[in-house]
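Trainee: Generate a structure from the sequence data that follows.
(chains A and B)
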Amino acid sequence: MLRASHLNKSYGKQQAVRDVSFALLHGQTLGLIGPNGAGKSTTVSMLCGLLRPDSGEVLLEGVAIGQGSSEVKRQIGLVPQDLALYEDLSARENLKLFGALYGLQGKALRNRCDEVLELTQLSERSKDLIKTFSGGMKRRLNIAAALLHDPQLLILDEPTVGIDPQSRNAIFDSLELLKRQGRSLIYTSHYMEEVERLADHIVVIDHGKVIADESPADLYLRLPAAAALTVDLEAPISAETLALLEARPGVSGVTSTGQHLEIALAKTTDALPVLDWLATQGCRALHFGTAKASLEDVFLTLTGRTLRD
Amino acid sequence: MTALIALIRKDLILFLADRRALLLSLTMPVMLGAFFGYLFGGSGSPDNVKIEIAVVSQDQGEISKKIVAGLKADGSLHVQELALAVAKEQVLKGKLNAAIVIPEGFSDAAGAALFGGRDKPEIPIFYDPSQSAVLGMVKGMLTQQVMQHVSAEMFSGKSGQVFIDQSIERIEASVATDPARTELRDFLKSVRKFQTHNQSPDPATGQAAGSAGLSMPFVTRDQAMSSGPRYNGYAHSFAGMSVQFILFMGLDAGVGILLARRLGLWKRLLAAPISSATILGARALSCALIALGLLAFVYLVGALFFKVSIAGSALGFVGVAVCFALFTAMFGLFVAAFGGTPEATRGLATFATLVMVMLGGSWVPAFLFPQWLQTATLLVPTRWAVDGLEAMTWRGLPLDAALAPIAALLGFSLLFGALALWKFGRDERA
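Mentor: Okay, here's the model as predicted:
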């Protein structure tokens, strides 16, 4: 559906985006992740036709996305990172304005306003001024405004920044519904659990470059361990037992600090057999815990630093 | 077209929704216009332009009494008779423009000085240094009264007779030693005959000819040069204040664009399938419509409550108003195009606007400027706006007089608009 090819963009001497390429299929949700300043917003701006790349191109259904009144923009709905709403207008007035920008008018416009207000659960507040809304309601309306013209592709740039978990869940319900309806989404976020929940495909950007472009499952395969088991023992483990543990199937590494063990596992289900085996070796566990690897771990593995560094 | 209308509608709703800003936009030009208009002569009532003075009369002579009466009768003065200390204090506080002190013995001394030319009595005048221009006017009026009444008394009054008789006696005694004084003696004798003639009854009426003295050898006929009813200070100040506050509104519109760019609204607008020219054009049109609305409101209030009328060409007035509204819109775009952060831009643009309205004659009429400044300010767009509005209101000039302001405002609009579009285009391509 959308193909970004060899995008480059510089601001003065600072190169924000370097040879970025990726593709989005119909009905797919693509997660675009990377730390602050990685080039995500610049990339999103080029995808929407807000910025002209220094080189490279963006094709939507085979048509290049240009600036200005490019008709292909009708197929894109943008949810900017900032709340792009007029605070002194009502929710419905805002929607009517943004719908009119896409040529909607009359009954068609009114109907679409009703539909997106329903989708974002804001129908009851449609006549209220935006400045009376909570942060979460504003975020939902921010999304609703991008859906008015029924775009094939919805681009969401950090759509859940600064809102409470309840509002975040409401937004995700709406996005999952859109996904089920077969709409294509590009989603950028700092919150890896959000991207994991939505994305079928993930593009990792760092320092303006694409460093990974794979499905979440393939990304996890890059990790030395998909899960971790931590155990506090009654007594320190012997060197002999430790060597045997490291050789166990499913165990990819062990770190021992006194009575504390950190065991890297291929999968979470390997944890119980390892605990059983430790018991048979006379190593009694006082406490234990397991943790599944996250995209944060993937990013750490790929770049050597965390997303929020 | 749907998008353009929707954007204009949005701007108008937002302008009307901010009640406090709307109230200020409507009332400030009217309030300040009314205040400055009153200072500059109001709607033409002479009461507004009287000079406030005090007279301290320490002399009981006839001449002094007549001088005081003459000053009081002058329509340009508002005269109070006060004690010296009070009068000086009032001038010091700025409550009076000047105080004239007529000293004791002035009547006699002035008569003697008229012919003798020596021992001239002094009339102290205390004046407010911030009103120094008034001093010359007060001196002129005082001179007129003094010359008129001193000469009248000398030529036909009783004290004049006594003075002439005494002078003739004194000169007779000295003619033997100073023959040069013979001519003065002869002149005074002629004056004495003139006095006697004046006091003899007229055979036809049976009454004396009455007093005669020096008087102004002319009278002026003052005619205000305005094709309209008459000068209206409010018409000037309403033009100036409208221009000022409408430009502030234009500035706000420009800063609004900068805020929209910062808040992501600009991104959302540009993400739509419309050109940036449509977005900017809508902003300019809505700004121009608001400017016209504000101007119409201010002049409506001016007409209803301050006797401001379009005494000249109504078409010319509309032309100047429309072109100024257009200029305001382009000024807003210019601010948005070249501004940095909204905060810094607001400060800088406010300063630039104030300079522009000051030089444009919005605060003080441009005709009070030095000649070089009057010429230099032709490069300031606000000067053309104020001049154009004045020409069509109290000056009552025909459409021809509006053509130059219209052309100038259109020219400035094109210049500002072209620069703004060039900058927006360059930023978009970057």
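Trainee: Now the element after the helix or strand containing residue A:230, going C-ward?
Mentor: Following DSSP states H and E, one finds residue A:230 within strand A:227-233. Next helix or strand after strand A:227-233 toward the C-terminus (DSSP H and E): helix A:239-246.
Trainee: average pLDDT for that following helix?
Mentor: Averaged over helix A:239-246, pLDDT sits at 90.
Trainee: what inclination does the next helix or strand after that helix have with respect to helix A:239-246?
Mentor: Sequence order places strand A:251-257 as the next helix or strand after helix A:239-246, per DSSP H and E. Strand A:251-257 and helix A:239-246 are oriented at 150 degrees to each other (axes from the mean of the first three to the mean of the last three Cα atoms, to 10 degrees).
Trainee: So which bits of strand A:251-257 are buried?
Mentor: A:251, A:254, A:256 (16 or more other Cβ atoms under 10 Å in any protein chain shown). For glycine as for every other residue, the C-beta is placed from the backbone atoms N, C-alpha and C.
Trainee: How many residues are close by residue A:240?
Mentor: Neighbours of residue A:240 under the rule other Cβ atoms under 10 Å in any protein chain shown: 9.
Trainee: Strand partners (parallel or antiparallel) of the strand holding residue A:230?
Mentor: strand A:260-265 (antiparallel), strand A:285-292 (antiparallel) (DSSP bridges).
Trainee: which of these sits most buried?
Mentor: Neighbour counts (mean count of other Cβ atoms under 10 Å in any protein chain shown) averaged over each of these peak at strand A:260-265, with a mean of 20.
Trainee: In chain A, where is pLDDT below threshold?
Mentor: A:67-69, A:224, A:305-309 (pLDDT under 70).
Trainee: oh sorry, the question was meant for chain B
Mentor: Within chain B, the stretches with pLDDT under 70 are B:1, B:41-49, B:115-118, B:199-220, B:222-230.
Trainee: which residue of it sits farthest from its center?
Mentor: Relative to the mean C-alpha coordinate of chain B, counting by Cα atoms, centre = their mean, the farthest residue is residue B:176 (62.1 Å).
Trainee: what are the C-alpha coordinates of the strand holding residue A:230, in PDB please?
Mentor: Only the C-alpha atoms of strand A:227-233 are listed here, as PDB (Å, rounded to 0.1, in the frame of the first residue of the first chain):
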ATOM      1  CA  ALA A 227      12.700 -14.800  28.900                       C
ATOM      2  CA  ALA A 228      14.600 -14.500  32.200                       C
ATOM      3  CA  LEU A 229      14.300 -16.500  35.400                       C
ATOM      4  CA  THR A 230      15.600 -15.000  38.700                       C
ATOM      5  CA  VAL A 231      16.100 -17.200  41.800                       C
ATOM      6  CA  ASP A 232      17.100 -16.400  45.300                       C
ATOM      7  CA  LEU A 233      18.600 -19.600  46.800                       C
END
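Trainee: Which residues does that strand contact?
Mentor: For strand A:227-233, the external contacting residues (Cβ atoms under 8 Å, 6 or more residues apart in numbering or on different chains) are A:259-268, A:270-271, A:274-275, A:278, A:283-293.
Trainee: swap the cut-off to 7 Å and go again
Mentor: Identification of contacts with strand A:227-233 by Cβ atoms under 7 Å, 6 or more residues apart in numbering or on different chains yields A:259-265, A:267-268, A:271, A:274, A:278, A:283-293.
Trainee: Could you do stretch B:247-259 as well?
Mentor: B:25, B:283, B:287, B:290-291, B:294, B:328-329, B:331-333, B:335-336, B:339, B:342, B:345-346, B:349-350, B:353, B:357.
Trainee: related to what we said a few turns ago, and the strand holding residue A:230, what's buried?
Mentor: For strand A:227-233, by 16+ other Cβ under 10 Å, it's A:227-229, A:231, A:233.
Trainee: How about the residue in the stretch 1-150 of chain B that chain A sits nearest to: what's its closest non-neighbour residue?
Mentor: The minimum distance from the stretch 1-150 of chain B to chain A, using Cβ to the nearest Cβ, falls at residue B:6 (3.4 Å). Closest residue to residue B:6 apart from its sequence neighbours, by Cβ to Cβ, 6 or more residues apart in numbering or on different chains: residue A:100 at 3.4 Å.
Trainee: Got phi/psi on the one you found?
Mentor: Here is the backbone geometry of residue A:100 (degrees, to the nearest 10): phi -60, psi -30.
Trainee: So it sits against residue B:8, correct?
Mentor: No: Residue A:100 lies out of contact with residue B:8 (Cβ atoms under 7 Å); the separation is 10.8 Å.
Trainee: which bits of the stretch 251-400 of chain B sit near chain A?
Mentor: B:263-265, B:267-276 (Cβ under 7 Å from any Cβ of the partner chain).
Trainee: Show only the entries of these found in helices.
Mentor: Assignment to helices by DSSP state H places the following of these there: B:263, B:265, B:267-271, B:276.
Trainee: And the next helix or strand past the longest strand seen in chain B?
Mentor: Identified as the longest strand of chain B according to DSSP state E is strand B:51-57. As assigned by DSSP H and E, the chain's next helix or strand after strand B:51-57 is helix B:62-73.
Trainee: quick check: angle from that following helix to strand B:51-57?
Mentor: Here the directions of helix B:62-73 and strand B:51-57 differ by 160 degrees (the same axes, to 10 degrees).
Trainee: Report the buried residues of helix B:62-73.
Mentor: By 16+ other Cβ under 10 Å, the buried positions in helix B:62-73 come out as B:62-64, B:66-68, B:70-71.
Trainee: likewise stretch A:175-186?
Mentor: A:175, A:178-179, A:183-186.
Trainee: hmm, that stretch in reach of chain B?
Mentor: No: in terms of Cβ under 7 Å from any Cβ, no part of stretch A:175-186 sits within range of chain B; the closest distance is 13.2 Å.
Trainee: Next, the distance between the ends of that stretch.
Mentor: One end of stretch A:175-186 to the other measures 11 Å (Cα to Cα, to the nearest Å).
Trainee: got the ones in helices among the residues of the stretch 251-400 of chain B next to chain A as TSV, with distance to residue B:410 and neighbour count columns?
Mentor: Shown next, in TSV, are those (distance: Cβ to Cβ, whole Å; neighbours: other Cβ atoms under 10 Å in any protein chain shown):
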residue	distance to residue B:410	neighbour count
B:263	33	18
B:265	31	19
B:267	33	22
B:268	33	25
B:269	28	21
B:270	29	23
B:271	34	24
B:276	23	18
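Trainee: Tell me which of the contacts of stretch B:247-259 fall in helices.
Mentor: Counted as lying in helices by DSSP H, out of the contacts of stretch B:247-259, are B:25, B:283, B:287, B:290-291, B:294, B:328-329, B:331-333, B:335-336, B:342, B:345-346, B:349-350, B:353, B:357.
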